[in-house]
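> what shape does this take:
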Amino acid sequence: MDEDLGSKLKTRKMVPVHIVENHHEVLPFIYRDIGSRHLPVEGTTFVHFDSHPDMLIPKYMPADFVYEKQKLFDEISIENWMLPACYGGHFKHLVWVKPPWAKQMDHGAQTFLIGKEKSTGYIRLNCKENYFISECLYCHEDNLENIKEVVLEVVELGGDNNTASPKITESYKNPFILDVDLDFFSTKNPFKALYEKANAYERLKKIYDFPPPKTTSDKDIQESSEARDKQIKELEEIFNHLEENREIPNTTNSLLEDIKELHSKILEHYEDGEIDWTLVHDAGCTCDNTELPHHPSTKEEIDKMMGCFKDFVDLLRDRPVVITISRSSEDDYTPPDVVEDIQKRVLEILIEKFPTQLNFHYRDDLSEEDGQ
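Next comes the predicted model:
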């Protein structure tokens with residue numbers, strides 16, 4: 001970040017804490033702080049506690065929507081709101097702090113490029129993590145323009161051999177954002193319960209399985225990505241046809257027998273009118289060679305994760321410019337029976353460390369409250 005830009009930033013006496021239900025709803029508050037010059041236009045560090053990376057990209061969104069924020073806000077969802085901000089240059093350093101049950105990426109640091117794909121105008125990147133390849137988001141840098149560099153650091157907390165340390169936090173200097181999804185402490189995979197009597201999720205894992213590329217060569221990744229794209233498009237067509245016509249289309253897809261079996265088993269246990277085949281496809285799209293983490297934590301595990309979070313916060317040398325919190329309970333990623341207790345304890349830790357102003361955006365009866 002440009003030092004002159006940083007020196008002109010405004011400061012606050014209190015650290016605003018924005019608490020929302022769905023994680024992508026924090027982005028407008030971050031953009032508001034950029035507009036008010038509390039955050040720089042470029043170069044912010046984003047520290048992200050979550051059981052999920054949230055680092056996908058709206059697949060068919062024109063890259064230029066990043067510069068029209070209302071269009072951007074209309075396109076993003078819980079899994080794909082961070083990287084558009086990287087393409088816009090706002091986030092430079094992403095730190096995903098993950099619990100030990102989150103396996104979507106290995107811990108470590110790497111640098112990748114994000115830009116506009118020349119042939120499509122969509123946002124793509126050259127990171128070779130299977131997390132991105134399985135979503136067909138990989139693109140060689142030669143085919144990108146308006147390129148930005150992103151530093152991605154994946155840190156694990158809560159395992160037997162990892163604890164917060166000064167070395168972890170020493171590079172998180174202002175300006176940075178502290179972001180917490182409450183499902184960091186306990187998480188469910190809500191798709192496991194989808195048409196559970198028919199064992200739908202386990203059947204979908206077989207249909208949507210995606211073997212990773214044989215090697216990390218550009219050729220193998222390109223071939224693998226093209227095969228995955230073809231697979232997902234064909235499955236989407238089949239399930240869209242099912243939703244609209246309530247019958248399986250005539251097709252030569254090699255997975256047809258598995259789809260017929262899934263269709264038959266679901267209809268054995270559920271009325272046709274109550275089945276959402278589009279949702280079935282969406283659930284399938286979460287299956288590749290890893291699945292969404294499912295770890296409803298015990299009380300002792302939540303206590304342990306809270307201790308790790310407190311240690312991390314206590315080691316921060318500087319205040320975050322803004323703190324964002326997502327509850328993620330209405331869609332069952334954070335178990336609803338523990339979300340209030342987790343939120344209360346997280347806020348207590350933050351209030352003890354920082355002078356905070358709490359903003360409860362998910363509540364109609366209370367929009368703002370000062371934390372002492």
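> drop to CA atoms for contacts and neighbour counts, all remaining ones
Fine.
> the stretch 51-200 of the chain: helices as residue ranges?
Counting by DSSP state H, counting those that start in this stretch, the stretch 51-200 of the chain has these helices, from start to end: 69-75, 83-87, 130-133, 166-169, 200-207.
> could you give me the average pLDDT of the first one?
Put plainly, it is helix 69-75. In this model, helix 69-75 has a mean pLDDT of 97.
> swap in the fourth one?
Averaged over helix 166-169, pLDDT sits at 63.
> now do the last one
The average of the pLDDT scores along helix 200-207 is 96.
> let's see that helix as PDB, backbone CA atoms only.
What follows is helix 200-207 as a C-alpha-only set of coordinates in PDB (Å, rounded to 0.1, in the frame of the first residue of the first chain):
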ATOM      1  CA  ALA A 200     -29.500 -38.100  -1.200                       C
ATOM      2  CA  TYR A 201     -26.200 -36.400  -0.200                       C
ATOM      3  CA  GLU A 202     -24.200 -39.700  -0.300                       C
ATOM      4  CA  ARG A 203     -25.700 -40.400  -3.700                       C
ATOM      5  CA  LEU A 204     -24.800 -36.900  -5.000                       C
ATOM      6  CA  LYS A 205     -21.200 -37.400  -3.900                       C
ATOM      7  CA  LYS A 206     -20.900 -40.200  -6.300                       C
ATOM      8  CA  ILE A 207     -22.600 -38.300  -9.200                       C
END
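> that older thread, for residue 183, which of the helices of the stretch 51-200 of the chain is the nearest?
helix 130-133 (19.3 Å; C-alpha to C-alpha).
> can I get the closest one as PDB, trimmed to CA atoms?
Extracted in PDB, the C-alpha atoms of helix 130-133 (Å, rounded to 0.1, in the frame of the first residue of the first chain):
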ATOM      1  CA  ASN A 130      -8.000 -27.700  -6.200                       C
ATOM      2  CA  TYR A 131     -10.600 -25.600  -4.400                       C
ATOM      3  CA  PHE A 132     -10.500 -23.200  -7.400                       C
ATOM      4  CA  ILE A 133      -9.800 -25.800 -10.100                       C
END
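> and it, how far out from the chain's middle?
Put simply, helix 130-133 sits 13 Å off its chain's centre (C-alpha atoms, centre = their mean, to the nearest Å).
> list the contacts of it.
Contacts to helix 130-133, defined as C-alpha atoms under 8 Å, 6 or more residues apart in numbering, come from residues 56, 104-105, 138, 212, 221, 224-225.
> kindly report the same for stretch 319-338.
Here stretch 319-338 makes contact (C-alpha under 8 Å, 6+ apart) with 11, 15-23, 26, 30, 38-39, 174-183, 186-190, 296, 339, 343, 354.
> if we can go back for a sec, please identify the most buried of the helices of the stretch 51-200 of the chain.
helix 83-87 (a mean of 24; mean count of other C-alpha atoms under 10 Å).
> counting by contacts, list what that helix packs against.
Taking 3 or more C-alpha pairs under 8 Å, 6 or more residues apart in numbering; DSSP states H and E as contact, the helices and strands that helix 83-87 lies on are strand 108-117, strand 144-156.
> any chance of these in a markdown table, with mean pLDDT, distance to residue 302 and mean neighbour count too?
Output for the helices and strands packed on helix 83-87, formatted as a markdown table (pLDDT from 0 to 100; distance: least, C-alpha to C-alpha, whole Å; neighbours: other C-alpha atoms under 10 Å):
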| stretch | mean pLDDT | distance to residue 302 | mean neighbour count |
| --- | --- | --- | --- |
| strand 108-117 | 98 | 24 | 18 |
| strand 144-156 | 97 | 15 | 18 |
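> wait, which of those is closest to residue 249?
Residue 249 lies closest, by C-alpha to C-alpha, to one member of the helices and strands packed on helix 83-87: strand 108-117, at 33.4 Å.
> just checking: what are the partner strands of that closest one?
strand 123-125 (antiparallel), strand 144-156 (antiparallel) (DSSP bridges).
> reformat the helices of the stretch 51-200 of the chain as TSV; add distance to residue 322.
Formatted as TSV, those follow (distance: least, C-alpha to C-alpha, whole Å):
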stretch	distance to residue 322
helix 69-75	19
helix 83-87	16
helix 130-133	28
helix 166-169	17
helix 200-207	38
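> among the contacts of stretch 319-338, name the buried ones.
Buried residues within those, counting neighbours by 16 or more other C-alpha atoms under 10 Å: 15-23, 26, 30, 38-39, 175-183, 186-190, 296, 339, 343, 354.
> phi, psi of residue 215?
Note on residue 215: its backbone torsions stand at phi -140, psi 180 [degrees, to the nearest 10].
> and stretch 78-94, what's its mean pLDDT?
98.
> now it: how far from the chain's centre is it?
On the basis of C-alpha atoms, centre = their mean, stretch 78-94 is displaced by 11 Å from the centre of the chain it belongs to.
> how about residue 243, what does it touch?
Residues in contact with residue 243, defined by C-alpha under 8 Å, 6+ apart, are 276-278.
> please spell out the ChimeraX selection for the buried subset of these.
Selecting only the buried entries of the contacts of residue 243 in ChimeraX, with 16+ other C-alpha under 10 Å as the criterion:
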select :277,278
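> let's see which of the contacts of residue 243 end up in helices.
277-278 (DSSP state H).
> and of the contacts of residue 243, the nearest to residue 257?
residue 277 (16.6 Å).
> so what's the closest one closest to, chain neighbours aside?
Of all residues beyond its chain neighbours, the one nearest residue 277 is residue 243 (5.1 Å), with distances taken as C-alpha to C-alpha, 6 or more residues apart in numbering.
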